[in-house]
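# Task: produce atomic coordinates for the following.
(one chain, ligands or ions: 3)
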Amino acid sequence: MEVRARAPGKIILAGEHAVVHGSAAVAAAIDLYTTSSLRLLPAGEDGGAGAVELDLRDSGLTFSWPCSRVHAALGEVGGKSGAPTPCSPDELAAVSKLLEGQEIPEAKIWLSAGLSAFLFLYTSILGCRPGKAVVTSDLPIGAGLGSSAAFCVSMSGALLTAAGAVGVAGGSGAEEWELFGKDDLELVNQWAFQGEKIIHGKPSGIDNSVSTFGSMIKFKKGELTNLKSRNPVKMLITDTRVGRNTKALVAGVSERASRHPDAMASVFNAVNSISEELSSVVELPVEDEIAITSREDKLAELMEMNQVSAHTVLEKVATELESHGFRCFKAEVGGHGLQVCRA
Ligand SMILES: Nc1ncnc2c1ncn2[C@@H]1O[C@H](COP(=O)(O)OP(=O)(O)OP(=O)(O)O)[C@@H](O)[C@H]1O
Ligand SMILES: C[C@@](O)(CCO)CC(=O)[O-]
Ligand SMILES: [Mg+2]
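Ligands and ions are numbered 1, 2, ... in the order given. Okay, the predicted model is just below:
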């Protein structure tokens, strides 16, 4: 049987980075997804133990680890389909050793973090059982749209479903996306957070939470509040195609906070207030065009204060940006979280 799980990317409207230091932040799922398909395989035809395989379809790269090698590196692992235990430094070192000998092009060396997260999640949940995972994604990687979280959430969803730890009982039989129950989502989210830690270093958990649960959320110190907005909020997302590494950026902010503790505490406090205010603006009931425009203006101002300059003339701005070679996504925000499909 093949299990497919898809998880959305996200945008953060306010509170990015400050959320790692305890400020509130507001994030929304976007309708761009990463899909992980998983098929458990029989043991090798030659009587061998088979292999764990990963096919990263978008980058045209495939990876394979003989189960015997995985077992030799990690020992007895797997079967942990309850709450996760974090990846210990020894485990991470063993996982990193498994990357040796894999042909990762220098230009895509950043994939190593994703491969480590995959190996940790796969082996912790399924042990050294042979299987093949295929990943495809609509999301640009390293562009701030939560590709790492969508990768970890969709992969955790597929692995835990294959392990029988979560899932819609029996499935509908039809090939359509179904939503998980709340407890299952909680479990997937906990596992995905462990994967995010391998990729991000010190994540707040906002990205994996919004990717798992969907919708628009306020997130503060690990606590999630669903924001209820009766009117859809539309955003224009622009990929500057200038890649960056979130782990390095997060570490940079922490270093700055330790160099300037008082000043940065005030910055984090200000960002917290912006996120709190933005959350209430999102939930304001808006009945007519004037109220919608006024809400958009308030959101724009708060986002600008947070960091970003927001524009409402979407088509005009998109055309202008695209004429300069940028890529724009017009995304619906606040949609579904993790979904699963069993063929
Ligand atoms: N589809 C994918 N396949 C394999 N690895 C992936 C995939 N998507 C993300 N990753 C892993 O996640 C890393 C990118 O994570 P990073 O947190 O730096 O960027 P992001 O998640 O796109 O942005 P942000 O966290 O700021 O929203 C990649 O370097 C890779 O290791
Ligand atoms: C930059 C950051 O705030 C969001 C990354 O999308 C880091 C985090 O919260 O883990
Ligand atoms: Mg990320």
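# which stretch of helix or strand covers the closest residue to Leu284 other than its chain neighbours?
The shortest distance from Leu284 to any non-neighbouring residue, by Cβ to Cβ, 6 or more residues apart in numbering, is to Arg295 (5.9 Å). Quick note: C-beta positions are derived from backbone N, CA and C, even for glycine. Using DSSP states H and E, Arg295 sits within helix 289-306.
# Contact partners for the residue nearest to Leu284?
Asn231, Val281, Leu284, Val286 (Cβ atoms under 8 Å, 6 or more residues apart in numbering).
# Can you tell me the number of residues neighbouring Glu223?
Using other Cβ atoms under 10 Å, Glu223 has 11 neighbouring residues.
# Tell me the pLDDT of it.
pLDDT for Glu223: 97.
# any idea how far Ala150 is from it?
Per Cβ to Cβ, to the nearest Å, Glu223 is found 22 Å from Ala150.
# So which bits of the protein are right by ligand 2?
12, 16-17, 19-20, 146, 200, 203-204, 206-207, 246, 250 (Cβ under 6 Å from any ligand atom).
# all strands for the stretch 151-300 of the chain, in order.
178-179, 216-220, 223-226, 234-239 (DSSP state E, counting those that start in this stretch).
# Kindly indicate the member of the contacts of Arg295 with the most neighbours.
Greatest neighbour count in the contacts of Arg295, by other Cβ under 10 Å, goes to Val281: 21 neighbours.
# Number of residues surrounding the closest residue to it other than its chain neighbours?
Computed as Cβ to Cβ, 6+ apart, the closest residue to Val281 that is not its neighbour in sequence is Lys298, at 4.8 Å. Neighbour count for Lys298, taken as other Cβ under 10 Å: 16.
# buried set for the least confident helix or strand in the chain by mean pLDDT?
Among the helical and strand segments of the chain, the one scoring lowest on mean pLDDT, DSSP states H and E is helix 314-323, with a mean of 81. Neighbour-count burial for helix 314-323 flags Ala318, Leu321 (criterion: 16 or more other Cβ atoms under 10 Å).
# could you check the angle helix 314-323 makes with the next helix-or-strand element following that helix?
The first helix or strand that comes after helix 314-323 along the chain, using DSSP H and E, is strand 327-332. Here strand 327-332 points in a direction 150 degrees away from that of helix 314-323 (axes from the mean of the first three to the mean of the last three Cα atoms, to 10 degrees).
# So which residues make contact with strand 327-332?
Residues contacting strand 327-332 (Cβ under 8 Å, 6+ apart): 11, 30-32, 140, 232, 234-239, 241, 314, 318, 321-322.
# List the buried residues in stretch 198-210.
Within stretch 198-210, the residues that count as buried by 16+ other Cβ under 10 Å are Ile198, Ile199, His200, Pro203, Ser204, Gly205, Ile206, Asp207, Asn208, Ser209, Val210.
# can you tell me which residues contact the first one?
Under the criterion of Cβ under 8 Å, 6+ apart, the contact partners of Ile198 comprise Cys87, Leu92, Ala113, Ser116, Ala117, Phe120.
# what's the closest of these to ligand 3?
Ala113 (9.5 Å; Cβ to the ion).
# element containing the residue in the chain positioned nearest to ligand 3?
Closest approach between the chain and ligand 3, counting by Cβ to the ion: Ser148, at 3.2 Å. Per DSSP H and E, Ser148 falls inside helix 147-162.
# Which strands and helices lie in contact with that helix?
Applying 3 or more Cβ pairs under 8 Å, 6 or more residues apart in numbering; DSSP states H and E, we find helix 147-162 packed against strand 2-14, strand 25-40, helix 111-126, strand 131-137, helix 182-200, helix 206-213, strand 339-342.
# tell me the most buried of these?
The highest average neighbour count among these, using mean count of other Cβ atoms under 10 Å, belongs to helix 206-213 at a mean of 30.
# Return the list of helices and strands in contact with the longest helix belonging to the chain.
For the chain, the helix with the greatest residue count under DSSP state H is helix 261-283. On a contact count with 3+ Cβ pairs under 8 Å, 6+ apart, helix 261-283 meets strand 2-14, strand 25-40, strand 216-220, helix 246-259, helix 289-306.
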